[in-house]
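1. Sequence and predicted structure are below.
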Amino acid sequence: MHVAARTSRFQESMIREMTRLAMKHDAINLSQGFPDFNPPEEVIEAAVKAIRDGVNQYTVTWGYPPLRKALAEKYTRQLGWEVDPDIHVAVVCGVTEAITATLLALLDPGEEIIIIEPAHENFRPAAVLAEAVPVSVPLEKPDYRIDPARIERAITPKTRAILFNTPHNPTGRVFDAEEVQGIIDLVLRHDLVLITDEIYDQILYDGRVHVSPGSYEAVRDRTVTCGGMGKTYAMTGWRLGHIIAPEPLINAIRPIHDYMTICAPTPLQAAAVAALALPPSFYTKHLADYHERRDVMMDVLYTLGFQAVRPEGAYYTLADYTSIDAPQSDWPADRFAHWLTTEIRVAAVAGTNFYTVPGYGDGSVRFAFPKRIETLREAHARLSRMLDQ
């Protein structure tokens with residue numbers, strides 16, 4: 001039977017495949033980036049109350065009004081311009097839909113979008129679904145710094161947009177002001193749209209503060225800011241994302257979302273209002289807990305001989321395994337990740353999964369550490385068996 005040619009250009013998620021493999025082999029899942037602990041209790045109770053109170057039907061397609069109001073208040077502070085809940089906000093089903101809907105709305109077939117690699121695996125398929133051309137520009141390890149000159153060499157007259165993720169998955173980078181300015185200069189010089197993935201905007205380390213690229217006045221009218229609730233509030237399965245954009249751009253995106261998913265789950269949107277109303281003490285503890293998780297994860301990796309840069313934000317690290325004292329240290333990344341999951345019973349994702357540029361990502365795996373400390377300790381015990389092979 002005939003199927004669309006676009007389906008041959010990507011496959012099902014390898015990250016989710018590693019989760020399935022982890023379940024099959026009873027492995028600790030450090031592959032997919034979801035917590036093994038619950039959302040805040042008051043948010044869970046808000047969801048239960050919404051369901052019991054009858055908040056169970058379709059809401060306004062671009063978002064439950066109280067949630068849009070709360071998001072508008074958050075992003076007015078974060079972006080530095082007056083975000084109108086009725087004009088500039090769309091609530092969608094996760095950042096994956098946010099990016100896909102944005103690319104479908106803003107890119108015509110044959111137009112190009114710059115994707116900075118390593119990149120989350122959904123970026124390229126989103127471009128393919130829009131019949132656009134994803135153009136990959138790799139970052140160089142171990143620093144993974146933005147090189148504006150390298151990006152500029154990839155820009156052509158067909159380039160329409162740059163997709164930019166900070167804090168960054170999978171490297172843990174928080175791109176500094178010089179790097180962000182370099183991206184903004186390119187956007188302005190080449191008349192591009194800037195699409196940002198800022199899902200980890202509340203997970204930063206060592207005193208760093210997230211600055212949204214869309215807060216730069218020069219690009220306010222050409223930036224689409226994508227964010228979500230899942231990572232900060234440990235509710236990845238709730239699939240709550242959002243898009244903030246100036247009126248001409250959001251007006252193109254909203255109908256795409258409407259016909260893709262109609263609306264995100266209404267009772268969970270109602271509960272998300274409670275999440276955004278959590279007091280400052282929640283964020284203080286949230287950051288302290290993530291500092292501890294990061295430190296435990298990195299100590300585990302360093303002890304075992306992995307080489308990895310300490311994350312500045314998000315909850316991932318790309319770890320080079322080629323120096324560990326095990327026979328498997330010279331295996332390709334996909335084989336190594338499979339062996340870790342099935343034999344050592346700790347799941348990770350091959351670094352090559354985050355690149356399309358040949359020669360990048362091999363010799364590395366990504367570990368996700370949004371886990372309880374006891375989970376990370378058990379992962380250490382299991383990973384230590386690598387040295388006994």
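-> Received it, and whenever you're ready, just let me know what you need. Residues are numbered from 1 along each chain as shown.
2. quick one, strands of the stretch 51-200 of the chain?
-> 89-92, 112-117, 133-138, 159-165, 193-197 (DSSP state E, counting those that start in this stretch).
3. winner for burial among these?
-> Across these, averaging neighbours per residue (mean count of other Cβ atoms under 10 Å) puts strand 89-92 on top, at a mean of 28. All C-beta spots, glycine's among them, are computed from the backbone N, C-alpha and C.
4. Just checking: what are the partner strands of that one?
-> strand 241-244 (antiparallel) (DSSP bridges).
5. Nearest residue to Glu131 in space, please, no chain neighbours.
-> Closest residue to Glu131 apart from its sequence neighbours, by Cβ to Cβ, 6 or more residues apart in numbering: Pro109 at 3.7 Å.
6. Verify the stated contact: that neighbour with Val128.
-> No: using Cβ atoms under 8 Å, Pro109 is not in contact with Val128; the gap is 10.8 Å.
7. Which residues are in contact with the closest residue to Pro118 other than its chain neighbours?
-> Of all residues not flanking Pro118 in the chain, Phe354 sits nearest, at 3.4 Å (Cβ to Cβ, 6+ apart). By Cβ atoms under 8 Å, 6 or more residues apart in numbering, Phe354 lies in contact with 117-121, 170, 318, 361, 366.
8. now whichever strand or helix holds Ala272: how far from the chain's centre is it?
-> Assigned by DSSP states H and E, Ala272 belongs to helix 266-276. Centroid separation for helix 266-276 versus its chain: 21 Å, with Cα atoms, centre = their mean, to the nearest Å.
9. other SSEs contacting the very next helix or strand once past it?
-> Later in the chain than helix 266-276, the nearest helix or strand by DSSP H and E is helix 280-304. In terms of contacts (3 or more Cβ pairs under 8 Å, 6 or more residues apart in numbering; DSSP states H and E), helix 280-304 is packed against strand 307-308, strand 316-320, helix 373-383.
10. so how far is the first one off the chain centroid?
-> Relative to the centre of its chain, strand 307-308 is centred 21 Å away, using Cα atoms, centre = their mean.
11. Let me see the residues that make contact with it.
-> Strand 307-308 has contacts (Cβ under 8 Å, 6+ apart) with 142, 298, 301-302, 317-320, 322-323.
12. That strand pairs with which strands?
-> Strand 307-308 is paired, per DSSP bridges, with strand 316-320 (antiparallel).
13. Could you check how far stretch 90-104 is from the centre of its chain?
-> With Cα atoms, centre = their mean, you get 12 Å for stretch 90-104.
14. what's the average pLDDT for that stretch?
-> For stretch 90-104, mean pLDDT rounds to 98.
15. Could the C-alpha coordinates of that stretch be exported in PDB?
-> Extracted as PDB, the C-alpha positions of stretch 90-104 are listed here (Å, rounded to 0.1, in the frame of the first residue of the first chain):
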ATOM      1  CA  ALA A  90      -2.200  29.600  22.900                       C
ATOM      2  CA  VAL A  91      -2.200  26.600  25.200                       C
ATOM      3  CA  VAL A  92      -1.300  23.400  23.300                       C
ATOM      4  CA  CYS A  93      -0.600  19.700  24.000                       C
ATOM      5  CA  GLY A  94       3.100  20.000  25.000                       C
ATOM      6  CA  VAL A  95       6.100  21.800  23.500                       C
ATOM      7  CA  THR A  96       6.200  19.100  20.800                       C
ATOM      8  CA  GLU A  97       2.900  20.300  19.500                       C
ATOM      9  CA  ALA A  98       3.900  23.900  20.000                       C
ATOM     10  CA  ILE A  99       6.900  23.500  17.700                       C
ATOM     11  CA  THR A 100       5.100  21.400  15.100                       C
ATOM     12  CA  ALA A 101       2.100  23.800  15.000                       C
ATOM     13  CA  THR A 102       4.500  26.800  14.700                       C
ATOM     14  CA  LEU A 103       6.500  25.300  11.900                       C
ATOM     15  CA  LEU A 104       3.300  24.300  10.000                       C
END
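16. List the contacts of it.
-> Under Cβ under 8 Å, 6+ apart, the answer for stretch 90-104 is 62-64, 67-68, 71, 113, 122-123, 126-127, 129-130, 132, 161, 163, 195, 197, 199, 224, 226-228, 230, 239-243, 245, 250, 253-254, 256-257, 260-261, 263-264, 269.
17. swap the cut-off to 7 Å and go again
-> For stretch 90-104, contacts defined as Cβ atoms under 7 Å, 6 or more residues apart in numbering pick out 62-64, 67-68, 113, 122-123, 126-127, 129-130, 132, 195, 197, 199, 224, 226-228, 230, 239-243, 250, 253-254, 256-257, 260-261, 264, 269.
18. Name the residues of that stretch that are buried.
-> 90-104 (16 or more other Cβ atoms under 10 Å).
19. Repeat that for stretch 103-110.
-> So stretch 103-110, judged by 16+ other Cβ under 10 Å, has buried residues 103-107.
20. what's the answer for stretch 54-72, then?
-> 55, 59, 61-64, 66-72.
21. Need the max-distance pair from these.
-> Val55 and Ala72 (20.0 Å; Cβ to Cβ).
22. Export only the CA atoms of stretch 20-39, formatted as CSV.
-> Extracted in CSV, the C-alpha atoms of stretch 20-39 (Å, rounded to 0.1, in the frame of the first residue of the first chain):
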residue,chain,number,x,y,z
ARG,A,20,9.9,0.6,26.2
LEU,A,21,13.2,-1.3,26.3
ALA,A,22,13.7,-0.2,29.9
MET,A,23,10.3,-1.4,30.9
LYS,A,24,10.9,-4.8,29.2
HIS,A,25,14.2,-5.3,31.1
ASP,A,26,13.3,-3.7,34.4
ALA,A,27,15.9,-1.0,33.9
ILE,A,28,16.2,2.3,35.7
ASN,A,29,15.0,4.8,33.1
LEU,A,30,17.5,7.6,32.7
SER,A,31,16.7,7.8,29.0
GLN,A,32,13.4,9.7,28.8
GLY,A,33,13.2,13.0,30.6
PHE,A,34,10.3,12.5,33.0
PRO,A,35,10.4,12.5,36.8
ASP,A,36,9.7,9.5,39.0
PHE,A,37,7.9,11.7,41.6
ASN,A,38,4.5,13.4,41.5
PRO,A,39,3.5,17.0,40.9
